[in-house]
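# What would the 3D arrangement of this be:
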Amino acid sequence: MDTPEWMRARPRAAIDLHTDRPHAARVYDVLLGGKTNYPADRAQAAAVAERMPSVRIAARVNRAFVMRSARELARAGTRQFLDIGTGIPMDPNLHDTVQRVDPTCRVVYVDNDPIVLAHSRALHTSDPRGRTAYIDADASRPETVLGSREVAATLRLDEPVALFMCLFLHWLPATTDPYEVVGRLVDALAPGSHLVITHLASDITPATVTSVEDTFQGSGSEVHGRDRDQVARFFTGLRLLAPGLVTPHGWRPDDDPAGIGRGPADDDVPVWAGVAVKP
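Residues are numbered from 1 along each chain as shown. Take a look at the predicted model:
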């Protein structure tokens, strides 16, 4: 008896993981001491570290800011989070942090690396009282995020959402308008929502950041630092929370925000960070 057509297994198209060239999420994983990366990612991380010796400190300080700001927003009542450019899962993850405050928190992670997606599905395990979801999407086209089934099933966009875009916007290609991307995403969120951004700063250590930008030329990835005024523009129409737009370790710091044994100097972390609320 022939197997019905609908029961026959269909071959799945092979996914090109592009492990022969560096990917932002995997390079960041290298800098944080992770293991989900490939030779091209490790070579790129080494090239960046040669130009910016403090880059591993900067990565840890940035991650500490992400968790600290997420915790602050959860304590203030935010229960929905949209994390774009989430990167490789690494304990603690954003949902771990906010669900420790309230286990009913809901988180959607977004990235465009199939490796990130696979690890997210395996390791981003929600408290059963809350929920997590994962989207493989190109956030330079916000409709692919906002119109996804995962967002519709996990978040209510008519209620406040915290939108995280940390160390993400400087990776958008030069052909993409980052202000339009942020604007379209924020426009879709309810009043009382928050925007959380960290961004490579071109004006804290200009020569170093220009050198880092140069290391990515021809690698298949681009990175574009911006100065403080350019980063502030992402928050147009929003109200920045105190202390405003600062380096990540300057935003409501813990005693030792990245576990490095000392307070980093701004030159160690050429990054702008801010949290703003939508009126």
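# As a check, name the ranges of all helices in the stretch 1-150 of the chain.
24-31, 39-51, 55-75, 94-101, 114-123, 142-146, 149-154 (DSSP state H, counting those that start in this stretch).
# Turn those helices into CSV, columns for distance to Leu241.
Where you see a C-beta, it was placed from the backbone N, CA and C, and this is true even at glycine. What follows is the helices of the stretch 1-150 of the chain, written out as CSV (distance: least, C-beta to C-beta, whole Å):
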stretch, distance to Leu241
helix 24-31, 25
helix 39-51, 30
helix 55-75, 9
helix 94-101, 17
helix 114-123, 28
helix 142-146, 23
helix 149-154, 25
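# which parts of stretch 96-112 are buried?
Buried positions in stretch 96-112, judged by neighbour count with 16 or more other C-beta atoms under 10 Å: 96-99, 101, 105-112.
# and what of stretch 63-78?
Within stretch 63-78, the residues that count as buried by 16+ other C-beta under 10 Å are 63-74, 78.
# just to revisit the earlier point, which one of the buried residues of stretch 96-112 is nearest Arg252?
Within the buried residues of stretch 96-112, the smallest distance to Arg252 is 14.4 Å, found for Thr97 (C-beta to C-beta).
# Surely that closest one is in contact with Ser69?
No: contact criterion C-beta atoms under 8 Å: Thr97 and Ser69 do not qualify, at 9.6 Å.
# Counting neighbours, what do you get for Arg239?
Applying other C-beta atoms under 10 Å, we find 10 residues neighbouring Arg239.
# Torsion angles phi and psi at it?
Main-chain dihedrals, Arg239, degrees, to the nearest 10: phi -110, psi 110.
# Could you list the low-confidence segments of the stretch 151-279 of the chain?
255-262 (pLDDT under 70).
# Would you map the strands across it?
Ranges of strands within the stretch 151-279 of the chain are 162-166, 194-200, 239-240, 271-277, based on DSSP state E, counting those that start in this stretch.
# Could you list the buried residues of the last one?
When neighbours are counted by 16+ other C-beta under 10 Å, the buried residues of strand 271-277 are found to be Val271, Trp272, Ala273, Gly274, Val275, Ala276, Val277.
# Would you mind giving these as a markdown table with distance to Thr154 added?
What follows is the buried residues of strand 271-277, written out as a markdown table (distance: C-beta to C-beta, whole Å):
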| residue | distance to Thr154 |
| --- | --- |
| Val271 | 29 |
| Trp272 | 29 |
| Ala273 | 26 |
| Gly274 | 25 |
| Val275 | 22 |
| Ala276 | 23 |
| Val277 | 22 |
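# which of those residues lies closest to Leu240?
For the buried residues of strand 271-277, the closest approach to Leu240 (C-beta to C-beta) belongs to Ala276, at 4.7 Å.
# ok, now which ones touch that closest one?
Counting by C-beta atoms under 8 Å, 6 or more residues apart in numbering, Ala276 touches His194, Leu195, Phe235, Leu238, Arg239, Leu240, Leu241.
# What's the separation between the fifth one and Ala190?
As judged by C-beta to C-beta, to the nearest Å, Arg239 and Ala190 stand 15 Å apart.
# again with the fourth one
From Leu238 over to Ala190 the distance is 13 Å, taken as C-beta to C-beta.
# neighbour-wise, which of the two wins?
Leu238 (18 against 13).
# Tell me how many other residues surround Leu92.
Actually, residue 92 is Pro rather than Leu. The tally of other residues near Pro92 (other C-beta under 10 Å) stands at 15.
# oh, I was asking about Asp158
9.
# Excluding chain neighbours, give the residue nearest to it in space.
Ala190 (5.4 Å; C-beta to C-beta, 6 or more residues apart in numbering).
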